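>>> this one's sequence-less:
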């Protein structure tokens with residue numbers, strides 16, 4: 001078949017030859033907060049109810065916009081932040097104010113968008129793009145000129161929460177196709193706006209250690225998945241990353257900020273976050289029960305391939321463990337996980353030899 005003349009061919013996509021590809025430098029990576037937030041990437045921050053995930057991202061927004069380091073990670077490129085609050089927008093506003101006041105900050109290039117946003121359908125992208133343009137026009141205004149280029153533009157977009165983002169367009173978070181449609185539209189937004197970082201706040205499922213609620217497609221679509229766990233002291237753990245080590249990122253806890261008193265003399269408060277020492281891990285050397293030993297041995301015998309949760313549970317039931325009480329298997333797994341003896345990645349559980 002004869003190749004048509006160049007002049008007659010429709011214009012194709014841009015490309016880059018291998019010989020022109022250069023090794024990325026620190027600047028080339030496009031860090032905002034080094035090792036966590038980078039331009040043209042997407043992160044997901046998931047945890048159960050009460051895990052302070054929204055408070056944590058509000059804290060991140062203030063650090064990013066103010067130029068401050070965040071939990072020991074260097075701020076490489078301060079930038080504007082747009083926080084799309086699909087729920088509890090008033091709480092988001094109060095948190096941002098509380099965090100800024102606690103740090104003595106009065107002005108920040110942060111905007112809160114209190115709206116239910118539909119990103120399932122492609123035609124809804126236009127309104128989000130218009131909103132970003134309107135916000136950036138404010139960031140470029142005279143009030144921020146004295147701060148220079150670092151405050152201009154919106155380098156980070158936060159969407160709170162992922163479930164509401166899916167549901168707003170009639171989607172189902174259990175369906176990979178609905179999640180895929182949103183990620184395609186988020187990429188369209190990135191392409192038009194110069195590649196900001198997109199941070200998604202979401203929920204874990206009934207078993208938090210198994211990751212985000214709904215379709216597992218989100219795990220493959222984000223550059224970094226951070227899972228938040230813990231009781232009084234929370235730990236943010238990188239569960240998946242394209243080019244960063246997995247494992248604990250930092251620990252934090254709740255801090256109550258008091259604005260003052262209301263008309264009845266009661267304090268006006270909001271929970272924000274502050275750094276905390278990581279909780280001491282349960283000792284691996286603590287004696288295991290007979291069932292814990294058997295449950296661990298089943299996984300150990302599976303070797304490097306590991307087992308899916310269903311396979312692991314079924315093999316345990318085959319030897320008489322967990323047949324009468326389903327929660328027994330969950331308790332056994334948590335006991336081993338708390339000792340850092342086992343870990344899950346990519347849907348398979350394995351013995352954590354280096355834990």
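Now that the structure is in, tell me what you want to look at. Only a predicted model underlies this, so the values are computations on that prediction, with no experimental measurement involved.
>>> so after the longest helix seen in the chain, what's the next helix or strand?
Taking DSSP state H as the criterion, the chain has its longest helix at helix 176-193. Following helix 176-193 in sequence order, the next helix or strand is strand 197-203 (DSSP states H and E).
>>> which strands and helices sit next to the helix or strand just after that next one?
As assigned by DSSP H and E, the chain's next helix or strand after strand 197-203 is helix 217-221. Secondary-structure packing of helix 217-221 (3 or more Cβ pairs under 8 Å, 6 or more residues apart in numbering; DSSP states H and E): helix 176-193. In this view, the C-beta of every residue, glycine as well, is placed from N, C-alpha and C.
>>> I'd like to know which elements the helix it packs on is packed against.
So helix 176-193, by 3+ Cβ pairs under 8 Å, 6+ apart, packs with helix 125-139, helix 162-167, strand 197-203, helix 217-221.
>>> Strand partners (parallel or antiparallel) of the lengthiest strand in the chain?
Determined from DSSP state E, the single longest strand within the chain is strand 247-261. Looking at strand 247-261 with DSSP bridges, its partner strands are strand 233-241 (antiparallel), strand 267-275 (antiparallel).
>>> Mean neighbour count, those strands: which tops it?
Using mean count of other Cβ atoms under 10 Å, the stretch among the strands paired with strand 247-261 with the largest mean neighbour count is strand 233-241, at a mean of 19.
>>> Which parts of the stretch 251-355 of the chain are strands?
267-275, 342-345, 348-351 (DSSP state E, counting those that start in this stretch).
>>> Make JSON lines from those strands and add distance to residue 300 and mean pLDDT to it.
Converted to JSON lines, those look like this (distance: least, Cβ to Cβ, whole Å; pLDDT from 0 to 100):
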{"stretch": "strand 267-275", "distance to residue 300": "36", "mean pLDDT": "92"}
{"stretch": "strand 342-345", "distance to residue 300": "9", "mean pLDDT": "79"}
{"stretch": "strand 348-351", "distance to residue 300": "5", "mean pLDDT": "85"}
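>>> export those to a markdown table and tack on distance to residue 191?
Listed next are the strands of the stretch 251-355 of the chain as a markdown table, based on distance: least, Cβ to Cβ, whole Å:
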| stretch | distance to residue 191 |
| --- | --- |
| strand 267-275 | 33 |
| strand 342-345 | 30 |
| strand 348-351 | 34 |
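>>> Show me the one of the helices and strands packed on helix 176-193 that comes nearest residue 38.
strand 197-203 (6.2 Å; Cβ to Cβ).
>>> which residues touch the closest one?
32, 37-49, 53-54, 57, 60, 155-163, 165, 186, 189-190, 212-213, 218, 222 (Cβ atoms under 8 Å, 6 or more residues apart in numbering).
>>> Report the buried residues of it.
197-203 (16 or more other Cβ atoms under 10 Å).
>>> Next: stretch 159-176.
Neighbour-count burial for stretch 159-176 [16+ other Cβ under 10 Å]: 159-169, 171, 173, 176.
>>> confidence score at residue 216?
Here the pLDDT value assigned to residue 216 is 64.
>>> and what of the one 5 residues further on?
In the prediction, the pLDDT value recorded for residue 221 is 79.
>>> same question, the one 5 residues further on
With respect to pLDDT, residue 226 scores 94.
>>> bridging residues for it?
residue 45, residue 238.
>>> what's the spacing between it and residue 328?
30 Å (Cβ to Cβ, to the nearest Å).
>>> What's the mean pLDDT across the helix or strand containing residue 59?
Counting by DSSP H and E, the element that carries residue 59 is helix 53-66. Mean per-residue pLDDT for helix 53-66: 96.
>>> just checking, what packs against the helix or strand following that helix?
Per DSSP H and E, the first helix or strand lying C-terminal to helix 53-66 is strand 80-85. Using 3+ Cβ pairs under 8 Å, 6+ apart, the elements in contact with strand 80-85 are helix 53-66, helix 89-102, strand 110-113, helix 125-139, strand 154-160.
>>> ok, 6 Å please
Secondary-structure packing of strand 80-85 (3 or more Cβ pairs under 6 Å, 6 or more residues apart in numbering; DSSP states H and E): helix 53-66, strand 110-113, strand 154-160.
>>> closest to residue 297 out of these?
When the helices and strands packed on strand 80-85 are compared (using Cβ to Cβ), the closest one is helix 53-66, at 35.6 Å.
>>> got the angle between the closest one and strand 197-203?
Put simply, helix 53-66 runs at 160 degrees to strand 197-203, going by axes from the mean of the first three to the mean of the last three Cα atoms, to 10 degrees.
>>> List of residues touching helix 53-66?
Residues outside helix 53-66 that contact it (Cβ atoms under 6 Å, 6 or more residues apart in numbering) are 32, 45, 47, 70, 81, 83, 95-96, 99-100, 105, 108-110, 156, 158, 160, 201, 228, 271-273.
>>> ditto for stretch 113-122
Contacts for stretch 113-122 (Cβ under 6 Å, 6+ apart): 84-86, 89, 124, 165, 168-169, 171, 181-182, 185.
>>> Enumerate the positions of it that are buried.
Buried, per 16+ other Cβ under 10 Å, within stretch 113-122: 113, 117-120.
>>> same thing with stretch 255-266?
255, 257.
>>> cool, and stretch 322-332?
322, 328-330, 332.
>>> Can you add distance to residue 232 and give the helices and strands packed on strand 80-85 back as TSV?
Listed next are these as TSV, based on distance: least, Cβ to Cβ, whole Å:
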stretch	distance to residue 232
helix 53-66	14
strand 110-113	29
strand 154-160	23
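>>> between these, which gets nearest to residue 257?
helix 53-66 (10.3 Å).
>>> could you check the angle strand 154-160 makes with that closest one?
Using the same axes, to 10 degrees: helix 53-66 against strand 154-160 is 170 degrees.
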